[in-house]
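A.B. asks: after the sequence you'll find the predicted model.
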Amino acid sequence: MSDTTRESVPDREAVHPHFYEQFIEKQHRIFVNRNLRMRSIRWVGFDMDHTLALYNRNFIEALAFDLSLQALVREKDYPRELLGIRYDPDFGIRGLVVDKEEGNILKMDRFHYVAVAYHGFRVLDKETRKGLYTSEPMQLSSPRFWSSDTLFGLPEIALYASVVEALEEMGWPPGLTYRQAFTDIRTCVDLVHKDDSLKSIFRERRGECFLSDPRLVATLDRFRTEGQRLFLLTNSDYEYTDWVLSWVMNDGERGRPWWSFFDLIVTDSHKPGFFHEGIPWKRLAIADHEVPSFSGGNVRLLEDHIGARGDEILYIGDHIFGDILRSKKSRGWRTVMVVEELEHEIRVGLATEEQRAVIDQLEMANSDLLARVARLRRRQERAAAVGAPGPGDAFSAEEKELESRLTRNLLRINELEEEIRRRYNPWWGSLCKVDGELSRFGDQMRDFACLYTARVSNFLYYPPKRYFLSPVEFLPHEI
């Protein structure tokens, strides 16, 4: 029987898809885009960074920002005055797009309509924004644009905005283009990841780098107890992987090493190329364990090694393209996207319920006011049509009062919506929405991930072999 079948399913979980959710706090829930029966999953794979290992983002991002800025001054001869710039942790969110030609940073909805744009930290007015981005379809795959789709890209977004802002205040250097400035920043960000300057500080201050998740080890234990086998598939090299997971998968008194939770380990995987290139892999001679461990490789080698393919495999990662889209489209794997930002998004949603209720009441009141204005105008038109004398001044005064109340309500709605938007993020609003539409990121999350959640360990809140059933979707004419 297909997992998408809703009729005659004996599973209690399928009949009552939300039975357990009432006992789970919303920030710990797993959200379903496509039906997924855990009983049919034989292997569960994991990315490492921002999936098993949750970074202390305030510390890591500020560090990456500062080191990249120093490299920009040192390696690319940018003005030393830039060293006074400080990182704004709120500025970058996932799903933003850099326009390298214009020096702008864009937030789009799911139709690629640019709803918000900044040049440095100056918001573009509506006329400028529409003039730049509505005259022709945007080709996001062109070299003009760069998408920020990972959490590691957020300092880069903030650094580009900061440099554009600062250089324009100081006087833009002759001959430097916005595109070249972005290329220089990209080069310096890559440099601090490759030259060990970032990782050397990680090694010195490991306790500040990661967030503790005390339920992670128990979650992996649950998967194994239920008969599912586990693999690790990460772009990090083995030495760094061992260093990170030895810390974040500390097993307390039992002292089990991190690698003992996996049946296969693949490092240096070069995702997303792993899913469509035929690169061979190299077996790693790891002295202290016998878990099969490889460097490099490709998806066919992995599937042949584990004896499973397609929808027998569930892969959990945080990168919309490198982890989720490629594994799903190229091999038919089932997918879970880890979206750390969900915890904040859900907290804000719950904290602003009263404001949203007030907005609903004001909108209902405005519907009534509009209906009253329409009735008043029809009465005026009928009186004028028959030439009957009527209380024109009274009609006019009543209409003005109704329109005044409409205006006051609309202004209050705008105030409340802006308060809510700023609570999500003072620059961009909600990660997943923009102007009432799904954002580009929210649309990708819905389209490419079978499930999504804030942490891997949220699986521990659900019964084993759970049948995750998606909500019924309606077309507008069915509502």
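C.D. replies: Happy to help now that I have it.
A.B. asks: ranges for the helices of the stretch 301-450 of the chain?
C.D. replies: 326-331, 342-351, 353-385, 392-424, 440-448 (DSSP state H, counting those that start in this stretch).
A.B. asks: so which of those gets nearest Ala62?
C.D. replies: helix 342-351 (17.6 Å; CB to CB). C-beta here means a position set from N, CA and C on the backbone, and glycine is covered the same way.
A.B. asks: got TSV for the helices of the stretch 301-450 of the chain, with mean neighbour count, mean pLDDT and distance to Glu165 too?
C.D. replies: TSV is the format used below for the helices of the stretch 301-450 of the chain (neighbours: other CB atoms under 10 Å; pLDDT from 0 to 100; distance: least, CB to CB, whole Å):
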stretch	mean neighbour count	mean pLDDT	distance to Glu165
helix 326-331	19	82	35
helix 342-351	16	96	25
helix 353-385	13	91	31
helix 392-424	14	90	20
helix 440-448	21	93	24
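A.B. asks: let me have these in JSON lines, extended by distance to Asn33.
C.D. replies: Formatted as JSON lines, the helices of the stretch 301-450 of the chain follow (distance: least, CB to CB, whole Å):
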{"stretch": "helix 326-331", "distance to Asn33": "11"}
{"stretch": "helix 342-351", "distance to Asn33": "14"}
{"stretch": "helix 353-385", "distance to Asn33": "24"}
{"stretch": "helix 392-424", "distance to Asn33": "21"}
{"stretch": "helix 440-448", "distance to Asn33": "6"}
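A.B. asks: Ala115 is nearest to which of those helices?
C.D. replies: helix 440-448 (9.7 Å).
A.B. asks: on contacts alone, who are the packing partners of the closest one?
C.D. replies: strand 334-338 (3 or more CB pairs under 8 Å, 6 or more residues apart in numbering; DSSP states H and E).
A.B. asks: neighbouring strands of the strand it packs on in the sheet, and parallel or not?
C.D. replies: strand 313-317 (parallel), strand 451-453 (parallel) (DSSP bridges).
A.B. asks: between those strands, which one is closest to Ser212.
C.D. replies: Of the strands paired with strand 334-338, the one closest to Ser212 (CB to CB) turns out to be strand 451-453, at 17.9 Å.
A.B. asks: tell me the buried residues in the closest one?
C.D. replies: Buried residues in strand 451-453, counted by 16 or more other CB atoms under 10 Å: Leu451, Tyr452, Thr453.
A.B. asks: with pLDDT and distance to Glu303 added, can I get those in TSV?
C.D. replies: Conversion of the buried residues of strand 451-453 to TSV gives the following (pLDDT from 0 to 100; distance: CB to CB, whole Å):
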residue	pLDDT	distance to Glu303
Leu451	96	21
Tyr452	97	24
Thr453	97	25
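A.B. asks: wait, which of those residues is closest to Leu96?
C.D. replies: Tyr452 (19.1 Å).
A.B. asks: surely the closest one touches Arg29?
C.D. replies: No: counting by CB atoms under 8 Å, Tyr452 sits too far from Arg29 to count as a contact (10.0 Å).
A.B. asks: re earlier: can you put the strands paired with strand 334-338 in a markdown table and add distance to Gly171?
C.D. replies: Rendered in a markdown table, the data for the strands paired with strand 334-338 read as follows (distance: least, CB to CB, whole Å):
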| stretch | distance to Gly171 |
| --- | --- |
| strand 313-317 | 44 |
| strand 451-453 | 45 |
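A.B. asks: who touches Asp311 in this structure?
C.D. replies: Asp311 is in contact with Ser40, Gly332, Trp333, Arg334, counting by CB atoms under 8 Å, 6 or more residues apart in numbering.
A.B. asks: output the lowest mean pLDDT helix or strand found in this protein.
C.D. replies: Using mean pLDDT, DSSP states H and E, the weakest-scoring helix or strand in the chain turns out to be helix 12-15, at a mean of 44.
A.B. asks: continuing past it, what's the next helix or strand?
C.D. replies: strand 31-32 (DSSP states H and E).
A.B. asks: what lines up beside that next one in the sheet?
C.D. replies: Checking strand 31-32 against DSSP bridges gives partners strand 451-453 (antiparallel).
A.B. asks: what residues does the partner strand touch?
C.D. replies: Everything outside strand 451-453 that qualifies as a contact, by CB under 8 Å, 6+ apart, is 29-33, 36, 335-339, 342, 445, 459, 468.
A.B. asks: how does it look with 10 Å?
C.D. replies: Residues outside strand 451-453 that contact it (CB atoms under 10 Å, 6 or more residues apart in numbering): 27-36, 314, 316, 324, 334-340, 342-343, 445-446, 458-459, 461, 468, 470.
A.B. asks: which among these end up buried?
C.D. replies: Those of the contacts of strand 451-453 that meet the buried threshold are 27-36, 314, 316, 324, 334-340, 342, 445-446, 458-459, 461, 468, 470, by 16+ other CB under 10 Å.
A.B. asks: which residues touch Lys329?
C.D. replies: Phe275, His276, Thr335, Phe448.
A.B. asks: ok, so of those residues, who is nearest Ser367?
C.D. replies: The closest of the contacts of Lys329, once distances to Ser367 are taken by CB to CB, is Phe448, at 37.2 Å.
A.B. asks: Leu176 in helix, strand or coil?
C.D. replies: coil (DSSP: H, G, I helix; E, B strand; the rest coil).
A.B. asks: of the strands paired with strand 334-338, which approaches Thr352 most closely?
C.D. replies: Of all the strands paired with strand 334-338, strand 451-453 sits nearest to Thr352, with 21.2 Å by CB to CB.
A.B. asks: other residues contacting stretch 119-138?
C.D. replies: Residues from elsewhere that reach stretch 119-138 (CB under 10 Å, 6+ apart): 88, 91, 97, 99, 101-106, 108, 112-118, 144-145, 158, 160-169, 178, 427.
A.B. asks: coming back round to it: looking at the helices of the stretch 301-450 of the chain, which is closest to Asn298?
C.D. replies: Comparing the helices of the stretch 301-450 of the chain by CB to CB, helix 326-331 comes nearest, at 10.4 Å.
A.B. asks: how distant is that closest one from the center of its chain?
C.D. replies: Helix 326-331 has its C-alpha centroid displaced from the chain centroid by 19 Å (CA atoms, centre = their mean, to the nearest Å).
A.B. asks: which stretches of this structure aren't confidently modelled?
C.D. replies: 1-19, 287, 387-395 (pLDDT under 70).
A.B. asks: domain-wise, how is it divided?
C.D. replies: Using automatic domain parsing, the domain parsing of the chain gives 12-54+211-341+442-468, 57-207, 346-430.
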